[in-house]
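Participant: sequence and predicted model, in that order:
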Amino acid sequence: MENFNDRSWDVIVIGGGAAGLSAALILARARRRVLVLDVRQPRNRFAPHMHGVLSRDGYSPLDLVADGYREVRAVDGVIANVDVIEARAVTTATGPGFEVVTDGGAVATASRLIVATGARDELPAVPGLAEQWGRGVVACPYCDGYEATGRAIGVLAGSLPGLHKAHMLRSYSSDVTVFTALAGVVPEADRLVLEDRGMRLDDRAVTRVVTDGDTITGLELADGTVAPVDVVFAEPTPVARDEQLRQLGVDRIDTPFGPWTAVDASGRTSVDGVWAVGNSANPGALVPIAAGSGAMAALTINAELVAEEVAAATERVTAGERGAAASTPDTDTDTDTDTDTMGH
Ligand SMILES: Cc1cc2nc3c(=O)[nH]c(=O)nc-3n(C[C@H](O)[C@H](O)[C@H](O)COP(=O)(O)OP(=O)(O)OC[C@H]3O[C@@H](n4cnc5c(N)ncnc54)[C@H](O)[C@@H]3O)c2cc1C
């Protein structure tokens, strides 16, 4: 069994998707000892291509992760494909820290923890949806709307607020049918607005996705008829993969998707030393947002670690190394650094 405590770590990152790898890359480049523990199952692994990601539009999500692994390892970050089953606060030789335990029983310890474990999607129980997930069945207009331009779009609304997705999709096609059975009774006013914008509503239950080979051709309805559609926009429920955050007792906030970890603008949680980034902090974060949040947490953590090093040196100097203290023009021992996270 691998013993990660053979080496000491500044930061452990749980989860190696866009958010976790982005954080790890910046921290490793800052010469921090970074360990990424990752099951390697990014949320968008079902999709052959991702979109809206600058310079990587149409790139494979799994290739993005493979590139990220290479880049982190090239600057001495360590990545292991293991499942973290537990995270707990501990007192280490150097102060407060965190211990994480893998399913194989390996343990790793660090003073800072970034949780980037993401989310998963629960699809409505309609036969055929799961098989097409990420290809003919998608969810995000920003990710896949452009590719649906001019096609027959079926919107499988799961809630009344979810009808907003139909309005977004109207930009891409004049052939949009909204299947409302899972959403409940659509108020007349909403129905009229959707129809005024040129969309059809169908209240019959969807019983099956109909395909020809691997291509969606329609949605079968409760009365046996098949409504022809080329692509289905569904409304899955995102579920946080936040077991470690809950073990650590972080505060949560209510979101339309249920309770989610509360963070500040840098991804800092209510537990000192623990950050949550990407979908762990925001279920709606697309790849660029997830990567940005990981980067922001990394800058903040590195600034904290530098401030700690400066504080320790300041203590040593003021405690006895009088020569060093005397040669320092500014004898102010306040260790607050006036720099922003970028060191400006
Ligand atoms: C079908 C689909 C298509 C999408 N298309 C797009 C698109 O075109 N453009 C776009 O910008 N966004 C798209 N998204 C959204 C995209 O998936 C997210 O923005 C992105 O995955 C968030 O990155 P993340 O790093 O937060 O989480 P993830 O990418 O999910 O990474 C989390 C990682 O943590 C690992 N992990 C979880 N728990 C543990 C544990 N206990 N121990 C170790 N490792 C663990 C997981 O295996 C995973 O590798 C799509 C989503 C879906 C579902």
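Facilitator: Here it is on my side, so go on.
Participant: tell me who's in contact with whichever residue of the stretch 1-150 of the chain sits closest to the ligand.
Facilitator: Closest to the ligand within the stretch 1-150 of the chain is G17: 2.2 Å, counting by C-beta to the nearest ligand atom. C-betas here are computed from N, CA, C, even on glycine. Counting by C-beta atoms under 8 Å, 6 or more residues apart in numbering, G17 touches D38, P42, R43, V65, A116, G118, G278, N279, A290.
Participant: which one of these sits closest to V137?
Facilitator: Checking the contacts of G17 against V137 by C-beta to C-beta gives R43 as the nearest, at 14.7 Å.
Participant: before we move on, the earlier item: could you restrict the contacts of G17 to the ones contacting the ligand?
Facilitator: D38, P42, R43, A116, G118, G278, N279, A290 (C-beta under 6 Å from any ligand atom).
Participant: of those residues, which is the nearest to V84?
Facilitator: D38 (8.9 Å).
Participant: wait, what's in contact with the closest one?
Facilitator: I14, G15, G16, G17, G20, I79, A80, N81, V82.
Participant: just D214 next, same as before
Facilitator: R135, G136.
Participant: for P141, same thing?
Facilitator: P141 neighbours (C-beta under 8 Å, 6+ apart): K165, M168, L169, Y172, F233.
Participant: with I289 instead?
Facilitator: G278, N282.
Participant: would you say it is within a strand?
Facilitator: No - assessed with DSSP: H, G, I helix; E, B strand; the rest coil, I289 is helix; it does not lie in a strand.
Participant: count of neighbours near the residue of the stretch 151-300 of the chain found nearest the ligand?
Facilitator: Scanning the stretch 151-300 of the chain for the residue nearest the ligand gives G278, at 2.2 Å (criterion: C-beta to the nearest ligand atom). Per other C-beta atoms under 10 Å, the neighbour tally for G278 reads 34.
Participant: do A222 as well
Facilitator: Using other C-beta under 10 Å: A222 sits among 11 other residues.
Participant: any idea how far it is from D202?
Facilitator: 10 Å (C-beta to C-beta, to the nearest Å).
Participant: for stretch 193-202, measure first residue to last.
Facilitator: Length of stretch 193-202, first residue to last, C-alpha to C-alpha, to the nearest Å: 15 Å.
Participant: off-centre distance for that stretch?
Facilitator: With C-alpha atoms, centre = their mean, to the nearest Å as the basis, stretch 193-202 stands 33 Å off its chain's centre.
Participant: which residues touch that stretch?
Facilitator: Residues contacting stretch 193-202 (C-beta under 8 Å, 6+ apart): 163, 166-167, 170, 174, 176-180, 186, 191, 221, 227.
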